[in-house]
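# I'd like to go over a predicted model; first the sequence, then the structure.
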Amino acid sequence: MEKKRQILNIVNFIRGFDSEPQPPLETYYTVKNQIDLIDKYNFKSTFLIQYDALQMDYFRELMLSLDKSRYEIGVWFEVIKPLAEDCGVEWKCDREWSGLCNCGYSMAYSTDIRERMIDKVFEQFQDIFGYYPRVFGAWFYDTYTIRYINDKYGLDALCNCKEQFGTDGYTLWGGYYGQAYYPSRTNVFIPAQNEDEQMNIPLFRMLGSDQVYQYDFGTNDDLSPKKSQSVITLEPVYHDAGGGLPKWVDWYLKENFNGECLSFGYAQAGQENSFGWQRMKDGLIYQFKLFYELQNQGKIEIEQLGESGRWFKEKYKSTPASAITAHSAYDDPSKDTVWYCNKNYRINLYGENGSFRIRDLHIFDESIEDPFEHTVCKETFAVYETLPVVDGYLYSGNNIRSGAHFTSCNSEKKISYGKMLFKELSNKECEVKFVSDENNIIFKLSETGIKISGDKDFSVQNIIGRKCKFLPKITVFSDKMIILEYQNKKYAIELTSGNFESDTKIISENSKIEATFKLIK
């Protein structure tokens, strides 16, 4: 197999205003210190600048002074008071910047106002830099806004927030877990399955999530999900676990860039200036020294976000399959994980303390309409999601850890394993083996479905810890098919090997289970 690129984007973004008052010019000196650190190592880097910062002379002059061969400037898009007022829109928040979904993000406004705001930002950017921005980011955004940018201006790359449940007042759940994908014209959060529905701007997931812990980071005492997840990412302001903790950084860079990726390895580093230099400096200084060493060793390539987007568009005509693996947690060698994503679904295989399960399985449907396509967000929170089958975070509770658990056919005893092995079969499929003295279980993951085989027969039980509104409804059940319904969308799991013993349990057939997924129109 060819050696896969291991790409690191350093993306810092610049706000003029934030929710907490800053000392005069503190946010400016944070950016200046970031630039000094980037220049120390001669790295390539991307700065995304918000509309309010574009109005400030010191930020404009600083961005214009940067070496264009190494620095890329683009747009960070949040709605702030100056942008709203310059577009003739009443600002309804009590401060200049708001992280609330009904005020500070694009879906809070009608589609004509969204267009007006984008045009205002892009024209202001063009007046200053002499060209329209080619990269664009926000924690999250609605599909209408991105479709408008795609059709009118075009971009090299997008970026948005990692997967999270409730953090910062919004939920992005069940989507493409890492790397990049081509979004659907109907829903920017979901990969397009067909060329006609595809926006040809790769969307990169930000922040470098802990591939072991971030998924279900933050649970109550009974294992049920908290209303808002905690964060464990490459962001340098997190010192207990994450980008400010050297032990975690060492582990993350080793595992994330281990080459087990199918398409390419990817992470985004950096931090918004509004956190202040004192909070991020120790983490950034430590990370950048490691980046420099890894780059010199040929283990990573540091490039601008737009460069990565242009390469992606040249290399891939549709969303490629990808994998993210880890053979330990940063603090626990007994944990293993594989995230496999393609344009049709995502799955997470997870092992801990000698047993393994399918921790997550979500199906992608490009026809799921953006919740704010025809309306505005009136609540302080917003939710983007896909079609669930297995959810080890939202379905856990009552001291039960949810997921599809593997047991011997004649008992309820979970199949134990000693180690997990990952093998690339092609650029679209991989094999994951849980090595066991009692029954080796092998997963073959591909765009068309999942094949699971064992040395002998086994069963898979989707254990649900609690009832909740995120559970799909079962509309059809037979020994070879189950049809689920969620948010008025129907989708099927069809078995070519194996049989449904119940609506949550599958028994292998000749030591095999083969499943495909079908969208019911």
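Structure's in. What do you need? None of these values were measured; they are calculated from a predicted model.

# Tell me if I'm right that Asn220 and Lys227 touch.
No: distance between Asn220 and Lys227: 9.5 Å, which falls outside the contact criterion (CB atoms under 8 Å). Placement of C-beta: from N, CA and C, glycine included.

# isn't Leu495 right up against Phe517?
No: contact status for Leu495 versus Phe517: not in contact, 11.1 Å apart, counting by CB under 8 Å.

# who's in contact with the residue lying farthest from the centre of the chain?
Of all residues in the chain, the one whose C-alpha sits farthest from the chain's mean C-alpha position, using CA atoms, centre = their mean, is Asn410 at 38.9 Å. In this structure, Asn410 makes contact with no residue, judged by CB atoms under 8 Å, 6 or more residues apart in numbering.

# just Gly169 next, same as before
Per CB under 8 Å, 6+ apart, neighbours of Gly169: 99-101, 380-382.

# Show me where the chain dips below the pLDDT cut-off.
Filtered on pLDDT under 70, the chain yields the residue ranges 1, 19-24.

# Against Gln124, how distant is the residue lying closest to Thr111 once chain neighbours are set aside?
Excluding the flanking residues, the one nearest Thr111 by CB to CB, 6 or more residues apart in numbering is Tyr144, at 5.2 Å. Here the criterion is CB to CB, to the nearest Å. By it, Tyr144 lies 21 Å from Gln124.

# who's more crowded, the two?
Tyr144 (19 against 16; other CB atoms under 10 Å).

# my guess is that one contacts Asp112, does it?
No: using CB under 8 Å, Tyr144 is not in contact with Asp112; the gap is 10.3 Å.

# middle-most residue in this structure, spatially?
Here the mean C-alpha position of the chain is nearest to the C-alpha of Lys162 (CA atoms, centre = their mean), at a distance of 3.6 Å.

# Touching, that residue and Thr233? I think so.
Yes: checked against CB under 8 Å, the pair Lys162 and Thr233 is within contact range at 6.4 Å.

# what's the overlap in contacts for those two?
207, 209, 214.

# The second one pairs with what?
The reference is to Ser209. Ser209 forms beta bridges with Thr233, as assigned by DSSP bridges.

# residues near Ile442, how many?
A total of 17 residues lie near Ile442 under the criterion other CB under 10 Å.

# let me fix that: Arg95
Counted with other CB under 10 Å, the burial measure for Arg95 works out to 14 neighbours.

# for it, phi and psi?
Geometry field for Arg95 lists phi and psi as phi -150, psi 170, criterion degrees, to the nearest 10.

# And it, how close does it get to Leu25?
With distances taken as CB to CB, Arg95 is found 19 Å from Leu25.

# Just list whatever residues bridge to Ile513.
According to DSSP bridges, the residues that bridge with Ile513 are Ile452.

# Hmm, Val460 and it touching each other?
Yes: counting by CB under 8 Å, Ile513 touches Val460, with 6.6 Å between them.

# any common contacting residues for these two?
Counting by CB under 8 Å, 6+ apart, the residues touching both Ile513 and Val460 are 452, 506.

# Leu223 is in contact with Ile400, correct?
Yes: contact between Ile400 and Leu223 holds when scored by CB under 8 Å: they sit 6.7 Å apart.

# If you count surrounding residues, which of the two has more?
Leu223 (18 against 15).

# how much space between that one and Arg401?
To Arg401, Leu223 is 6 Å away according to CB to CB.

# What of Ser274?
Distance from Ser274 to Arg401, by CB to CB: 36 Å.

# now Gly16
Distance from Gly16 to Arg401, counting by CB to CB: 44 Å.

# and what of Trp277?
Separation of Trp277 from Arg401 (CB to CB): 40 Å.

# Same check on Ile128?
Ile128 sits 52 Å away from Arg401, going by CB to CB.

# before we move on, what about Phe77?
In this structure, Phe77 lies at 38 Å from Arg401, with CB to CB as the measure.

# Between the two, tell me which one has more neighbours.
More neighbours surround Phe77 than the other of Phe77 and Arg401, with 25 against 19 (other CB under 10 Å).

# residue contacts, that one?
50-51, 106, 118, 121, 136-138, 141, 145.

# rewinding a little: which helix or strand contains the residue nearest to Thr111?
In this structure, Tyr144 sits in helix 143-152 according to DSSP states H and E.

# can you list contacts of that helix?
Counting by CB under 8 Å, 6+ apart, the neighbours of helix 143-152 from elsewhere in the structure are 77, 106-107, 111, 114-115, 118, 122, 136, 155, 158, 183-189, 199-201, 370, 372-373.

# Next: stretch 91-107.
Contacts of stretch 91-107 (CB under 8 Å, 6+ apart): 15, 17-19, 52, 77-82, 84-85, 108, 114, 117, 138-142, 144-145, 168-170, 371-372, 376-382.
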